[in-house]
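Participant: Compute the structure for the input listed below.
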Amino acid sequence: RYKGWERSLVFHFRWFIGPVVNFFKDRYFPDHKCFYAEKALLEFKKKGKQIAPFVIPVVGGIIMESEGYRAQEVEAPYIAPKKAITAEDLAKKAFGESPDSDRSPEQRENELESEYIDDLRNATMRRHEQMSTELILSGQVIMKHYATADDAANGKNYSFKCLRFFNGEFKNKYKFTKKFAEMTTDEKIREFYKMATVLRKRGVRATDIVMTADVSMLLMTDERFLELYNKSRVEIGEIDQQELPEGVVCNGTINILGVKMTMFTYDETYEDFDGEEKALLPAGTIAFLQPGLGRTVYAQVTFYKKDTGFKSYAEKMVPRLIGSEENNVAEVQMFSRPVMYPLDWDGWLVANINDEPATQKEADNSIDTDEEPVADAVLKTEAEIEALTKKDDVIAYAESIGLSGLDKETMKLQELKDAVLNYQEEKYED
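Facilitator: Down below sits the predicted model:
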């Protein structure tokens, strides 16, 4: 029974569309391919000239860079929520079911299976959306793989993994030199022009401005801003708020450097393992993006069955039902192994109006992808760098040669060393 049920469920599941908001995932990291492999070799090209990713089952990691190309091998993460169905569950009347209903436990089991599959699917899609927004905010996706629900709720006993799409320092974080709320309308618009100019110099033409509700409120209650963008005789944009099917509000368009940009208000939340509701984008966020700036690929999931042995499935999400006669329980499971990645590591900008204003030097450094080497820097050899045993020592040396922004909380010691070695080779190779 279970074998046939699994085949049918995978087929029908592909066509089901639910209410979960996947605006970032679908618009900026649309689905690409599903591959029969454990690791993904992703290829990138600067200035938006994409190279299609492909997956190979290679053991060991490799980093290759040449003339703007970059290739990185990553191991796809595991997303695997599940729900149990017990005999007691099947004995209970469903919500709205008549007290004198004569439905059998088998009929209730089918309904619970469908309900749980939908719940797990929605939870998995929320995780996809969370991964997509985190990548935009920080250039990386930090994943804590837990073995039990109790460990997840308490944030303990996890395996730490990170998909990182920058080398050394994240250079897509734009910093304001004045509090956004204190800026005049003209100053706010000039900041938008500056952000667009930074991307234009990188060869990127952003078409979307995504902001949280507090940022939207500042702009939509600014009378001069509204007046400026409602002058029909000037072709600079149109304010026309409307809610999209994805649950995101479109605020209208604005013309920046000859490019008509669409403004969106995004204010989605999710419930974390500890029951706390959290925002997918922190308050104050502004992001300059373009649709299709990245892709999502999926690795295989592999199951063992007593009668057929191991079998792999290459799907976006793979549902599964298993049962235990000994424990008298069935379990509905959902598996997904996505890798979201940007086609161009420098292909977007994100800012936060609630951050403390930066100095002009700090603001320039935060987006400078072509920093000059530090004059008279005292360089270490590769062996000397590899001999460092403390993260603080690696970071101190990195900053002495001009590499700032390394995060000792999320980066392992060897990752810090690799970042320094790559930076030193790139900046001081002569």
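Participant: Identify the residues contacting F165.
Facilitator: F165 makes contacts with 135, 139-140, 341-342, 345, as judged by CB atoms under 8 Å, 6 or more residues apart in numbering. All C-beta atoms are positioned from the backbone trio N, CA, C, and that covers glycine.
Participant: please redo it, this time with the cut-off set to 10 Å
Facilitator: If a contact means CB atoms under 10 Å, 6 or more residues apart in numbering, then F165 has 42, 44, 70, 72, 74, 135, 138-141, 172, 294, 340-342, 344-347 as its contacts.
Participant: For the spatially most central residue of the chain, pull up the helix or strand it's in.
Facilitator: Against the mean C-alpha coordinate of the chain, by CA atoms, centre = their mean, the closest residue is S132 at 2.1 Å. Using DSSP states H and E, S132 sits in helix 105-138.
Participant: list the buried ones in that helix?
Facilitator: By neighbour count on 16 or more other CB atoms under 10 Å, the buried set for helix 105-138 is 108-109, 112-113, 116-117, 120-121, 123-138.
Participant: Please compute how far that helix lies from its chain's middle.
Facilitator: 17 Å (CA atoms, centre = their mean, to the nearest Å).
Participant: try stretch 20-31
Facilitator: That offset, for stretch 20-31, works out to 10 Å (CA atoms, centre = their mean).
Participant: Please report the distance of the closest residue in space to L218 that isn't next to it in sequence from D214.
Facilitator: In space, and not counting its chain neighbours, L218 is closest to A181: 6.3 Å by CB to CB, 6 or more residues apart in numbering. Separation of A181 from D214 (CB to CB, to the nearest Å): 9 Å.
Participant: Among these two, which residue is more densely surrounded?
Facilitator: Using other CB atoms under 10 Å, the more surrounded residue of A181 and D214 is D214, with 16 against 12.
Participant: is it true that the more buried one touches Y266?
Facilitator: No: under the criterion of CB atoms under 10 Å, D214 makes no contact with Y266, lying 11.7 Å away.
Participant: which neighbours do those two share?
Facilitator: Shared contacts of D214 and Y266, counting by CB under 10 Å, 6+ apart, come down to T285.
Participant: Show me what counts as buried in the helix or strand in which E331 is found.
Facilitator: In the assignment (DSSP H and E), E331 maps to strand 329-335. Residues of strand 329-335 classed as buried: 330-335 (neighbour count, 16+ other CB under 10 Å).
Participant: how near is E356 to T221?
Facilitator: When distance is defined by CB to CB, E356 is 24 Å away from T221.
Participant: what do you get for Y193?
Facilitator: Counting by CB to CB, the gap from Y193 to T221 is 21 Å.
Participant: Show me which of those two is the more surrounded one.
Facilitator: Ranked by neighbour count (other CB under 10 Å), Y193 and T221 place Y193 first, with 13 against 9.
Participant: one step back: max pairwise distance over the buried residues of strand 329-335: which two?
Facilitator: A330 and F335 (16.5 Å; CB to CB).
Participant: Which residue ranges of the stretch 101-250 of the chain form helices?
Facilitator: Along the stretch 101-250 of the chain, counting by DSSP state H, counting those that start in this stretch, helices occupy 105-138, 149-154, 185-201, 213-220, 223-228.
Participant: Quick one: closest of the ones you listed to Y28.
Facilitator: Going by CB to CB, the one of the helices of the stretch 101-250 of the chain nearest Y28 is helix 105-138, 6.4 Å.
Participant: And stretch 420-430, how far out from the chain middle?
Facilitator: Centroid separation for stretch 420-430 versus its chain: 29 Å, with CA atoms, centre = their mean.
Participant: Give the buried residues for that stretch.
Facilitator: Buried, per 16+ other CB under 10 Å, within stretch 420-430: 420, 423-424, 427.
Participant: just those now: which is nearest P30?
Facilitator: Y423 (31.9 Å).
Participant: mind checking how far the closest one is from V394?
Facilitator: 11 Å.
Participant: Same check on T197?
Facilitator: To V394, T197 is 34 Å away according to CB to CB.
Participant: between the two, who's got more neighbours?
Facilitator: Shown here are T197 and V394; by other CB under 10 Å, V394 has more neighbours (23 against 12).
Participant: contacting residues around that one?
Facilitator: 385, 388, 403, 406, 408, 411, 413-417, 419-420.
Participant: Looking at those, which are in helices?
Facilitator: Among the contacts of V394, DSSP state H puts 385, 413-417, 419-420 in helices.
Participant: which of those tops the neighbour count?
Facilitator: Neighbour-wise, the ones in helices among the contacts of V394 (other CB under 10 Å) top out at L416, 25 neighbours.
Participant: Could you find the closest non-adjacent residue to that one?
Facilitator: V394 (4.4 Å).
Participant: which SS class is the one you found?
Facilitator: Using DSSP: H, G, I helix; E, B strand; the rest coil, the structure places V394 in helix.
Participant: what residues do Y423 and V394 have in common as contacts?
Facilitator: Residues within reach of Y423 and of V394 at once, by CB under 10 Å, 6+ apart, are 403, 406.
Participant: one step back: list the neighbouring strands of the strand holding E331 plus their orientation.
Facilitator: strand 82-86 (antiparallel), strand 318-324 (antiparallel) (DSSP bridges).
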